[in-house]
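S.K.: pasting the structure only:
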């Protein structure tokens, strides 16, 4: 009889019988009238005469969907059938439905970023069906001018190596502040590290000029009394700087679709190393994580967290304003104007930017019908820095009745009692109460002809104290704006 005090241990024997191993006979693509076969085949991880693997097929489908050249491959579009006359072979058939990745724009429009503009542009992510990216853009408007020629080859020399260039000349006018003009170019080189992970090295050379300064900054003596502001606007350097930098980066991306994402994540890290030539020295690391999580068949969650900082070194003692950090606008905090969130000079009320930023975005995406989505969002961010204390009181409003101006206009980022002393710097770090927030809803619809998402955004800004719009008016509680693209 068994010993009642013996440990309760049993032996388990599992008898397994392997099924028949199948091999791939043919891989066939149907419906790719523009995209060349080799562009598709290089994303496939199944090989003819190789062992058939279900996971490799799923992996291949995911990579094809990430390209955005075709409507999502799923269901009956993926066929695996036994090869007639063969005992252990299968034929794989992918039924592709191409979607337009060419964007041809000719006309005029208006947006917060560009103002009124006229544009002639051609952009494609699948140039001549070879999977190459080409951008040719000519745009002129009341606020921006942009001339650009860019080309990227994702499979240089028929190897998974990315190579490309970008030449541009741009000018953007920040109303009541200054105009930023830049001209330069970028070279990009990238290579795969592992599945869904690529490393890049960019080199950039750019000439930047700050011009058309608001007369208030010069005639009013603000830059004379505030060397911090003068350095940011390059007043003593003719308004010009040359920036030469190398930007290594690494990106892990499993997001399922570049236009209508529903699942996957993207992790990226980069650092700008400026000082290889030029006359500006700084480092600018950036970390970003993006995730999409499917909730139901028609809904999904999206989230982004982003941290960025910049630090000058060597002969550069103060960063120019165009290299400092800002938030605001439809690509960061949707309810605020472009570049309106950040340390503000308390004398001129110019947003001079910070040396670090923290941004969070949350979305709940609801597919309504076809290419139309309802997006519920919540954005929060802050940009602290070493902040200049005021050298003298200044009110940017044509009024002599101070009591009519909201009290918070006289509360600088760092309070100070100085009334004429030289500007000093006070450190400001991240703080829970410093977040500026915006929440609301947007209608996002995709225009196949133009190949870009259009957005109608309605936002409520609960935490907006100390923020002014681009007209130097207190930020409104509710805002409505039109935009293109997506926030992340």
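M.R.: Structure's in. What do you need? The structure displayed is predicted, hence computed values, not measured ones.

S.K.: what stretches of the stretch 101-250 of the chain score poorly on pLDDT?
M.R.: Residues of the stretch 101-250 of the chain that meet the criterion pLDDT under 70 lie in 101-119, 216-229, 236.

S.K.: now do the helices in it.
M.R.: When assigned using DSSP state H, counting those that start in this stretch, the helices of the stretch 101-250 of the chain occupy the ranges 215-219, 222-225, 227-232.

S.K.: contacts only, for residue 98.
M.R.: By C-beta atoms under 8 Å, 6 or more residues apart in numbering, the contact list for residue 98 reads 31, 32, 33, 34, 35, 69, 70. Where you see a C-beta, it was placed from the backbone N, CA and C, and this is true even at glycine.

S.K.: count the neighbours of the nearest residue to the fifth one once chain neighbours are set aside for me.
M.R.: With sequence-adjacent residues excluded and distances taken as C-beta to C-beta, 6 or more residues apart in numbering, residue 35 is closest to residue 129, at 4.7 Å. As a burial measure, the neighbour count of residue 129 was computed by other C-beta atoms under 10 Å and equals 18.

S.K.: what is the neighbour count of residue 85?
M.R.: If you count neighbours by other C-beta under 10 Å, residue 85 ends up with 7.

S.K.: what helix or strand is it located in?
M.R.: Under the criterion of DSSP states H and E, residue 85 resides outside all helices and strands.

S.K.: measure residue 253 to residue 66 for me?
M.R.: According to C-beta to C-beta, to the nearest Å, residue 253 and residue 66 sit 7 Å apart.

S.K.: neighbour count: these two, which is higher?
M.R.: Shown here are residue 253 and residue 66; by other C-beta under 10 Å, residue 66 has more neighbours (18 against 15).

S.K.: can you list contacts of the helix or strand containing the more buried one?
M.R.: In this assignment (DSSP H and E), residue 66 forms part of helix 54-67. Applying C-beta under 8 Å, 6+ apart, the external contacts of helix 54-67 come out as 40, 43-46, 70, 72-74, 78, 80, 92, 94, 96, 125-126, 131, 195, 253-258.

S.K.: for that helix, the distance to its chain's centre please.
M.R.: 25 Å (C-alpha atoms, centre = their mean, to the nearest Å).

S.K.: can you give me the strands for the stretch 1-150 of the chain?
M.R.: 23-30, 78-82, 89-95, 102-111, 115-127, 132-141, 144-153 (DSSP state E, counting those that start in this stretch).

S.K.: can I get these in a markdown table including distance to residue 210 and mean neighbour count?
M.R.: Output for the strands of the stretch 1-150 of the chain, formatted as a markdown table (distance: least, C-beta to C-beta, whole Å; neighbours: other C-beta atoms under 10 Å):
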| stretch | distance to residue 210 | mean neighbour count |
| --- | --- | --- |
| strand 23-30 | 52 | 16 |
| strand 78-82 | 55 | 13 |
| strand 89-95 | 52 | 18 |
| strand 102-111 | 23 | 13 |
| strand 115-127 | 19 | 17 |
| strand 132-141 | 20 | 17 |
| strand 144-153 | 16 | 17 |
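
S.K.: what angle do the longest strand along the chain and strand 144-153 make?
M.R.: Determined from DSSP state E, the single longest strand within the chain is strand 178-194. Angle, strand 178-194 to strand 144-153, by axes from the mean of the first three to the mean of the last three C-alpha atoms, to 10 degrees: 20 degrees.

S.K.: strand partners of strand 178-194, parallel vs antiparallel please.
M.R.: strand 162-174 (antiparallel), strand 197-211 (antiparallel) (DSSP bridges).

S.K.: flag every buried residue along the longest one.
M.R.: To tie it back to what came earlier, the one meant is strand 197-211. 198, 200, 202, 204, 205, 206, 208, 209, 210 (16 or more other C-beta atoms under 10 Å).

S.K.: hang on, the earlier thing: now, the contacts of residue 98 that are in helices?
M.R.: In helices, judged by DSSP state H, none of those are found.

S.K.: any idea which of those is closest to residue 385?
M.R.: Closest approach between the contacts of residue 98 and residue 385, by C-beta to C-beta: residue 69, at 43.0 Å.

S.K.: distance check, that closest one against residue 475.
M.R.: Counting by C-beta to C-beta, the gap from residue 69 to residue 475 is 41 Å.

S.K.: and residue 203, what is it in contact with?
M.R.: 186, 187, 245, 246, 247.

S.K.: 6 Å instead?
M.R.: 187, 246 (C-beta atoms under 6 Å, 6 or more residues apart in numbering).

S.K.: cool, residue 81 as well?
M.R.: residue 91.

S.K.: also residue 266?
M.R.: Contact partners of residue 266, counting by C-beta under 6 Å, 6+ apart, are 253, 255, 290.

S.K.: likewise residue 171?
M.R.: Residue 171 makes contact with 145, 181, according to C-beta under 6 Å, 6+ apart.

S.K.: go with 8 Å
M.R.: Per C-beta under 8 Å, 6+ apart, neighbours of residue 171: 144, 145, 146, 179, 180, 181, 182.

S.K.: just list whatever residues bridge to it.
M.R.: Counting by DSSP bridges, residue 171 is bridged to residue 145, residue 181.

S.K.: over to residue 474?
M.R.: Going by DSSP bridges, residue 474 forms beta bridges with residue 468.

S.K.: give me the distance between it and residue 214.
M.R.: The gap separating residue 474 from residue 214 is 19 Å, by C-beta to C-beta.

S.K.: repeat that for residue 268.
M.R.: 36 Å.

S.K.: same deal with residue 163?
M.R.: Counting by C-beta to C-beta - residue 163 and residue 214 are separated by 42 Å.

S.K.: just residue 162 next, same as before
M.R.: For residue 162 relative to residue 214 (C-beta to C-beta), the value is 42 Å.

S.K.: tell me which residues of stretch 57-68 are tucked away?
M.R.: Residues 57, 59, 60, 61, 62, 63, 64, 65, 66, 67, 68 are the ones in stretch 57-68 that count as buried (16+ other C-beta under 10 Å).

S.K.: of all the contacts of residue 171, which two lie farthest apart?
M.R.: Greatest spacing in these, by C-beta to C-beta: 146 and 179 (13.5 Å).

S.K.: follow-up on the earlier one: the longest strand of the chain: how far from the chain's middle?
M.R.: On the basis of C-alpha atoms, centre = their mean, strand 178-194 sits 14 Å off its chain's mean C-alpha point.
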